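Participant: Below is the sequence, then the predicted model.
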Amino acid sequence: MTGGPMVVVLAFGYLALLFVIAAWGDRRAAQGRSLIGSPTVYALSIAVYCTAWTFYGSVGRAAEFGPSFLLIYLGPTLAMLMAPFVIGKMVRIARAQRLTSIADFISARYGKSSSLGALVALIALIGITPYIALQLKAITVSHAVLVNYPQAADLPLADERFWSDRSFWVALVLAVFIILFGTRHLDASERHEGMVAAIAFESLVKLAAFLAVGIFTVFVLFNGPADLFAQAGERPELTRLLGLESVPGGALGWVGMLVLAFLAFLTLPRQFQVLVVENVDERHIKRASWLFPLYLLVINLLVIPIALAGLLLGGGDPDSFVLTLPLSAGLEALPLLVFIGGLSAATGMMIVETIALSTMVSNQLVMPLLLRSRRLHLSTRGELAGWLLGIRRVSILGILLLGYLYHALIGETYSLVTIGLVSFAAASQFAPALLIGLYWRGARRRGAALGMGAGFVVWAWTLLIPGFAQSGWLDPGFLATGPWGIAWLRPYALFGLEGWDIYTHSLLWSLAANVGLLVGVSLFTRPSALEQTQAALFTETMPQGLVPASLWQGQTTRGELRALLDRYLGEAASRRVFAAHPGEADEVDDDQPAPAALTLRAEQALAGSLGSASARVLIDSVARGEAPDLEAILRILDTTSETLEMNRRLEQQSRELARASEDLRAANARLRELDRLKDEFVAMVSHELRTPLTSIRAFAEILRDNRALPDEKREHFLDVVVRESQRLSRLIEEILDLARLESGRLTLSPTRLDLVALTRQSVEAVQRLQEERGVTLEVAIEPEAAWVIGDADRLEQVIINLLDNAGKFAADDDPRVLLRLARHKTHYRLAVEDNGPGIAPDERERVFEKFHQIQHRESGESRGRPRGSGLGLPISRGIVAHLGGRLWIEAATRLDGACLVMELPEAPAEAPASTDVPDGAPSQDRDSGDTPATP
Amino acid sequence: MNTPRRKERLIALIVLAALLFSPPLVLIAASSAGGVSRLVPYVFLAWGAVIGLMAWLMERRDEEGRDAE
């Protein structure tokens, strides 16, 4: 319906826009005002995960397998939750060692092994190229749907010449784009800022396009989600689609897919590129770790409604629902927007994947081969920097053409929809070497290589080859019977494991072989020196800066180093390397041996462009002379990491020690304070004891010396002596109480008692005394009875003490005291208020310190009030605490002075009598048993 | 990541997310109510909750001092 040329113009116009954005991004980067220095752009660039497979395929998968498509996005969500740990670590290592691809990363981890890097690059090439083909197919098919609607979309590719195939031209334009913006610098570790900006833009476009078609479907084709789901609910096959039974493999398939997506997200070359290589700032990971999952959630929110709508309206191929739904409604603009959205999803993936793959191919496959033949031609060339870029450009073109060929040759027959997951399973084979290598220092190169190789073989046998067979390249008979009739080798039921979905099945066996060999072989292999260093660096048991400089297997001169860098990186880059070393820039002594730090820098610069393995080979080629004793280096390395470990423990211990001594110091200060207070207390107590004693003695002496005293006078003096003695003994009693409380030897006899009765009794006891002092005592008791567990005598002592205290501190004129007893939840609260000056909040706790109380008493004395020992409150608090209650001070609510509150828990329901009986009975038995002689 | 509390909370969240997205809970959610499986709404709710928690954990200014600086 929509004009064919119009679509083509629009598509290539969109690609032109990408060029503009990328160019702008690069220019801003050159000006130092980076476009991509934001965590949001980082998160959007990670969304390159959502390819055309998401854009068109999710709806298709949902229409066929129900909710299983969600797993493809739940796995990455889990991975992003771990990003602050895992990705952060990878970013740090990759930055320190200038690693530029996952192949480089794995190769560097296992001793910069070029064979391992080549293996990773090969697996990636074989596993991922079909995925690129899938994107091209999506572009072709969506274009065909758009142009041919309402006729069937499948136009046989074979009938078209490749020059009339749009996807061929798209591939070519993309190749130009990638060459322009992906290979600007030789140094691949320098970021492709323009490209990342374009990718982030593409992520926005595809999200907007998908949401547009989703909203159109739900709100225009149907009257909102309720209407859509109500209509779907009437079709039992559609409601069944939303259950777990439509997920291939059921619960097991669910887990398998979740693990597969989790691993693939971390290991797909393009994800490694955007997550690790293009990361500008490690802190961006924080934002991306939730923003990217949110992006996934939003783009998937409307997949099921679209799928249901497509099925309800019976619109042909589910993979094209996003296009056919708006087309069927006769719209013009929306289908074009959808097409552009799909194009952006496809091109974004192809751009990043191709850059990642081309870096791998040039650095891990081509360079090592060229270097091997170096002595023949390469070394004689003056300027190799251009050569390197050339290799990378050719490989970009090669990879895209390979993808196109795959698409053109077998795209028709081979079910491309499944290739996404097949690619995932291939990339997952990197996960053991990558993740285990990051956390287990003992993982070895041989184990990683064998494990990955075996995993790859199992993957090929269980997924790739059966796929070929199903597309008619091979006789599919062996799928059912096994090769040569060997049943346990059947690709979909290896070792007789039947009934699993093919991806979980393949993942289980390939990962079992992979991890098994990696761990098993590693346990029995000795590492090389370099491998051991790298393992320590990657597991971060050794900090990056601590690479022992002596690790060089020989010495080289500055001149040779400079010549090497000139040859491979160009003079500008080599000057940068030398300039970064103060004092090295002056080109005086080219015959001087190069310092180890300079050699290290040179190797890193080479690694950024050529890959770590090749850089290593090159540096080795100019280094000569006696290599230091390897064993010695190993010993140094071991000692170093042991020392570091020990250092860390020591540091921790010293921190603990510091904390302990801080505690000790505080305790000591407190003790000294207590000691001082104790001295004061003793002085006070002595003073307190001496006052009555002095007057007793004085009056006794008067009585002894003046026998002729009149009787009434004698009576009066004797009264004084008796009263003072009583005061003395009360004081001593209190001091003894305090001592018992503090040593825990206070004996209480708790029984069930009624606090109301006890309170009335206490009030009566003090009433007369208070009246004498002129204090108005008011009593407000709410409950009828308040049963608590307590010692009657002691509690009475507390209540009297509180009343007495309040009387003492009440206002001078018209002193008033209020006692209230009320229930509070499961407690009873007895509050005694006065209308005195009150107690400041920060003083309130200190009132209960006995030493403090004595000082505080001075003010009471100055105000001419009767004084007590001042030990009443600490004793009261001790008693209440012993009875499971609390005693504290708060601001008075009714009067404006202080309010002392005693709280006691309510006694449990009545059953006190029964507890005594069992205690009594056995004792009687025992008594009778003890006296058998009694007749 | 620098403060130990945040590290512990993050690990707890990862474990929680793994549990929410895996069979025992997924099987419970998938059991149908009145013929319609609640699997899809469950997944989206759990997913949203995990993202929300992660955002809260990552974006909060840590009271234990500025971190990740």
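Facilitator: Yep, that arrived.

Participant: Which residue ranges of the stretch 801-935 of chain A form helices?
Facilitator: In the stretch 801-935 of chain A, the helices defined using DSSP state H, counting those that start in this stretch lie at A:850-862, A:872-882, A:912-930.

Participant: Ignore what I typed, I meant chain B.
Facilitator: Here chain B has its helices, by DSSP state H, at B:4-20, B:23-30, B:39-59.

Participant: for the first one, packing partners?
Facilitator: Here helix B:4-20 touches helix A:71-81, helix B:39-59, going by 3 or more CB pairs under 8 Å, 6 or more residues apart in numbering or on different chains; DSSP states H and E. In this view, the C-beta of every residue, glycine as well, is placed from N, C-alpha and C.

Participant: pLDDT below threshold where in chain B?
Facilitator: For chain B, applying pLDDT under 70 flags the ranges B:1-4, B:32-36, B:61-69.

Participant: 80 instead?
Facilitator: Filtered on pLDDT under 80, chain B yields the residue ranges B:1-5, B:30-37, B:61-69.

Participant: right, so the helices and strands packed on helix B:4-20: which one is the most enclosed?
Facilitator: Among the helices and strands packed on helix B:4-20, ranked by average contacts under mean count of other CB atoms under 10 Å in any protein chain shown, first place goes to helix A:71-81 (a mean of 25).

Participant: And it, how far out from the chain middle?
Facilitator: With CA atoms, centre = their mean, to the nearest Å as the basis, helix A:71-81 stands 14 Å off its chain's centre.

Participant: Which residues does that helix contact?
Facilitator: With contact meaning CB atoms under 8 Å, 6 or more residues apart in numbering or on different chains, helix A:71-81 is reached by A:49, A:54, A:58, A:86, A:254, A:257-266, A:288-290, A:292-293, A:296-297, A:300, B:10, B:13-14, B:17-18, B:21, B:43, B:47, B:50-51, B:54.

Participant: Could you do stretch A:687-700 as well?
Facilitator: A:Phe717, A:Leu718, A:Val720, A:Val721, A:Glu724, A:Ser725, A:Arg727, A:Leu728, A:Leu731, A:Ile732, A:Ser869.

Participant: Out of the contacts of helix A:71-81, which end up buried?
Facilitator: When burial is judged by neighbour count using 16 or more other CB atoms under 10 Å in any protein chain shown, the buried members of the contacts of helix A:71-81 are A:49, A:54, A:58, A:86, A:254, A:257-266, A:288-290, A:292-293, A:296-297, A:300, B:10, B:13-14, B:17, B:21, B:43, B:47, B:50-51, B:54.

Participant: and the residue of chain A positioned farthest from its centre, what element?
Facilitator: Residue farthest from the centre of chain A, counting by CA atoms, centre = their mean, is A:Ala708 at 96.0 Å. Using DSSP states H and E, A:Ala708 sits in no helix or strand.

Participant: Model confidence for it, exactly?
Facilitator: A:Ala708 is assigned a predicted lDDT (pLDDT) of 83.

Participant: now swap in A:Ser167 and tell me
Facilitator: Predicted confidence (pLDDT) for A:Ser167: 74.

Participant: Just the CA atoms of the helix or strand where it lies, as PDB, please.
Facilitator: Per DSSP H and E: A:Ser167 is located in helix A:166-182. Extracted in PDB, the C-alpha atoms of helix A:166-182 (Å, rounded to 0.1, in the frame of the first residue of the first chain):
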ATOM      1  CA  ARG A 166      17.200  -3.800   0.200                       C
ATOM      2  CA  SER A 167      18.900  -5.600   3.000                       C
ATOM      3  CA  PHE A 168      22.100  -5.900   0.900                       C
ATOM      4  CA  TRP A 169      22.200  -2.100   0.600                       C
ATOM      5  CA  VAL A 170      21.400  -1.700   4.200                       C
ATOM      6  CA  ALA A 171      24.300  -4.000   5.100                       C
ATOM      7  CA  LEU A 172      26.500  -1.900   2.800                       C
ATOM      8  CA  VAL A 173      25.400   1.400   4.300                       C
ATOM      9  CA  LEU A 174      26.000   0.100   7.700                       C
ATOM     10  CA  ALA A 175      29.400  -1.100   6.800                       C
ATOM     11  CA  VAL A 176      30.300   2.400   5.700                       C
ATOM     12  CA  PHE A 177      28.800   3.800   8.900                       C
ATOM     13  CA  ILE A 178      30.700   1.400  11.100                       C
ATOM     14  CA  ILE A 179      34.000   2.000   9.200                       C
ATOM     15  CA  LEU A 180      33.500   5.700   9.600                       C
ATOM     16  CA  PHE A 181      32.600   5.800  13.300                       C
ATOM     17  CA  GLY A 182      33.900   2.500  14.500                       C
END
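
Participant: so A:Glu753, which of the three states?
Facilitator: No, residue A:753 isn't Glu; it's Leu. Per DSSP: H, G, I helix; E, B strand; the rest coil, the secondary structure class of A:Leu753 is strand.

Participant: What residues are bridge-paired with it?
Facilitator: As for beta bridges, A:Leu753 partners with A:Val788 under DSSP bridges.

Participant: wait, isn't it in contact with A:Trp787?
Facilitator: Yes - taking contacts as CB atoms under 8 Å, A:Leu753 lies within contact range of A:Trp787: 7.3 Å.

Participant: State the distance from the closest residue to A:Leu703 other than its chain neighbours to chain B.
Facilitator: Take A:Leu703 and drop its neighbours on the chain: the residue closest to it by CB to CB, 6 or more residues apart in numbering or on different chains is A:Phe717, 5.8 Å away. Distance, A:Phe717 to chain B, using CB to the nearest CB, to the nearest Å: 70 Å.

Participant: Which neighbouring elements make contact with the helix or strand hosting A:Phe717?
Facilitator: Secondary-structure element containing A:Phe717, defined by DSSP H and E: helix A:711-743. In terms of contacts (3+ CB pairs under 8 Å, 6+ apart), helix A:711-743 is packed against helix A:630-705, helix A:872-882.
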